[in-house]
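A.B. asks: here is the input, now give the coordinates:
(chains A and B)
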Amino acid sequence: MQKFFSMSFTEEIKWRGMLHDIMPGTDEMLKEGRAAAYVGIDPTADSLHIGHLVSVMLLKHFQLAGHQPIAVIGGATGMIGDPSGKSQERNLLDIQTLRHNQEAIKKQLVKFLDFSEQTENKALILNNYDWMSKFSFLDFIRDVGKHISVNYMIAKDSVKKRMSGGAEKDAEGLSFTEFSYQLVQAYDFLHLYKEYNCKLQMGGSDQWGNITTGTELIRRMLQGKAFALTSPLITKADGGKFGKTEKGNIWLDPEKTSPYGFYQFWINTSDEDAEKYLKIFTVLSKSEIELLVKSHTEAPHNRLLQKKLAEELTVLVHSKEEFFNSVAASEILFGKGTKNQLRSLNEKTFNDVFSGVPTFLVSKEALIRGINVLTLLTSEALIFSSNGEIRRLMKDNGLSINLEKVNDSELIINEEFLINKKYIVVKQGKKNYSIIVAS
RNA sequence: GGGGGGAUUCCAGAGCGGCCAAAUGGGGCAGACUGUAAAUCUGUUGGUUUAUACCUUCGGAGGUUCGAAUCCUCCUCCCCCCA
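C.D. replies: This is a model prediction of the structure:
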C-alpha cells in the first residue's frame, strides 16, 4: 500500500471512468510527492450507503497511489444543506448523534482505507464540526466572508439555478443559510490546507462549484495553490438513480441492508452497467477487467461481470463467509429449488439461506388449527395488504408457498405446510420472498 | 393591497351534473421470452367480491339536486400577474 503504482493516480481513475473534471496543474502537484486530499461525507445516518462509495473509492485509489486520504464528516455542513442537490433545508443533528454517526462511518471506512498508525500515508477521518462550531458568526463573516464576493458566489451554477430557474423548474429561491454553504465548505478546505497541507478536494461533479470556491479562498487568503477533482455522477443505463431500489438505499450496515440483499443488488446489475461498476467499485486491474468483459461477451448468460462485482463488494464490505452464504441462498432461491430440496434443509442452513428475507410471526396454535391462505397472508402475517391483491396474484400464477404455485383462494394452511415444524416460505413472483415463522 | 389560475386515485395529467373507481402516460406488480439482465409483448394496478353488486375515494366543511369529482357558499394551501 506504500508503493507508488506504475500508473499515476489520475491515470488510474481516468481509465476507470471516475474522472469528470480536474483543475489544471493537479497532476503535476501530485507527482511532486506525497499529497493529501479529502472528500466530504454527510453524517446524516450511522452508515454509508453505496452512493457514498464513489468518493470512498477515490480516496482508496488515492491512498493506493501513495498519498494521504482524508474523509471529512460534514457535521457542520450537514446542518446547512447543500443547494447543489435538490435537498431541502436540513435538520440539525445533535452532537451525540453526530459522534455516533461519525464512529459508525469510520468503522465502515476501515474496510476501504488504511487507518493504521504505522502507515505513513494513513487515512484520516475528521469532522468539520470540530472547527466550525467554535467559529462565531461575526468572526466568520469578518475573517472569511470578506474575501469572497457575493458576485463570485452567485455566479455558481448551484446558486444561479435556484435564483433564476435554470432549465427545469422555476426559481425557488434559497435561504441565506443555503447560500452560505459554499463558503463554509470553502473554509473547510482552507482549514485542511493550513492544518494538514491538504491541497486537493475531490467529490462528485455536482461539487465542482463548491470546491473551486475553496481553492479561490485559499488563493485569496493564503496566496496558496489548491486543486479540485471531481468524478461523474453514477448513472444507470436505464436512467434510474444509482444505489436505490424500491426498498430504499443500499446500505453498508448489515442491519440496514442484509448481506444477502447487498449481494443481490450487485448481482442484479445490468450488463451495460456491470463493466462500469467493476471499474469504479473494485480495485481489479485493467487487464483483469478486460478479461472478464471478454468472457462475458462470449457467454453473457453466465453473468460473469455481475458475479465478480457482487463477490468483490460483498467480501469487502461484509465477509467471505457472508458472501458464501449469499451465494448459497441465491442458488436455492433462484436456482431450480424444489419443494423437496427446501424441506430437506436443516434449520441452520435454512436460517442462513433466508437470513435476509423479511419474516413474519404467526401463532403456532392458529396454524395447527388451519387458516385460510388469504387470512394468513393479510391478517396474521402482513405480507399483502388486501385479499384482492392475493387473488390477483393467484390469477396471474404468481404466488408460491414452499416453492409450489398456489391458485386456490380457499386453501387451508395447516401444520403440514411447516418446514422444520416452524417455517413457511411465501414467494411472490420470481424474486420476492417472505418467511412465516410459527411461534 | 388589487387581479387571475389551481388543488383529481403512487406520480404526471384528463374529466366539468348521471354511461366515473374516474381517460391517457409513467411507475409498481405479475405472466410469456430469458441470463435473477436489457428490450419486447400480455395482464393487472381503492376495498369487499360470484358479481354488469355494494362500500370508501377526486384539498376541508357545509349546501343545491332524484343524482355532484363536476354547480353554490365558506375555509385551508399553492402558483401567476400588477402594486
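
A.B. asks: for the rest of this, base every contact and every neighbour count on C-alpha atoms.
C.D. replies: Noted.

A.B. asks: any idea how far RNA strand B is from A:Lys279?
C.D. replies: Using CA to the nearest atom of the strand, to the nearest Å, one obtains 17 Å as the distance from A:Lys279 to RNA strand B.

A.B. asks: with adjacent residues omitted, what lies nearest to that residue?
C.D. replies: In this structure, A:Lys279 finds its nearest non-sequential neighbour in A:Arg16, 4.9 Å apart by CA to CA, 6 or more residues apart in numbering.

A.B. asks: next one: phi and psi at that neighbour?
C.D. replies: phi -80, psi 0 (degrees, to the nearest 10).

A.B. asks: ok, it to RNA strand B distance?
C.D. replies: On the measure of CA to the nearest atom of the strand, A:Arg16 and RNA strand B end up 21 Å apart.

A.B. asks: which residues touch that residue?
C.D. replies: Residues near A:Arg16 by CA atoms under 8 Å, 6 or more residues apart in numbering: A:Lys276, A:Lys279, A:Ile280.

A.B. asks: spatially central residue in chain A, please.
C.D. replies: With distances taken as CA atoms, centre = their mean, A:Ile50 lies nearest the centre of chain A, 1.3 Å away.

A.B. asks: what's the per-residue pLDDT of that residue here?
C.D. replies: Looking at A:Ile50, its pLDDT reads 87.

A.B. asks: confirm for me that it is in contact with A:Asp253.
C.D. replies: No. Contact between A:Ile50 and A:Asp253 fails when scored by CA atoms under 8 Å: they sit 10.4 Å apart.

A.B. asks: what about the residue nearest to the centre of chain A, distance to RNA strand B?
C.D. replies: Going from A:Ile50 to RNA strand B by CA to the nearest atom of the strand gives 18 Å.

A.B. asks: and if you look at A:Asp253?
C.D. replies: 20 Å.

A.B. asks: next, that residue: phi, psi?
C.D. replies: Per-residue torsions, A:Asp253: phi -70, psi 120 (degrees, to the nearest 10).

A.B. asks: for it, grab the count of nearby residues.
C.D. replies: As a burial measure, A:Asp253 scores 19 neighbours (other CA atoms under 10 Å).

A.B. asks: and what of A:Phe137?
C.D. replies: Around A:Phe137 there are 11 other residues, counting by other CA under 10 Å.

A.B. asks: in space, what's closest to A:Phe360 - neighbours in sequence excluded?
C.D. replies: In this structure, A:Phe360 finds its nearest non-sequential neighbour in A:Ile436, 4.8 Å apart by CA to CA, 6+ apart.

A.B. asks: which of the residues in the helix or strand harbouring A:Arg392 are buried?
C.D. replies: Using DSSP states H and E, A:Arg392 maps to helix A:387-395. Residues of helix A:387-395 classed as buried: A:Asn387, A:Ile390, A:Arg391, A:Leu393, A:Met394 (neighbour count, 16 or more other CA atoms under 10 Å).
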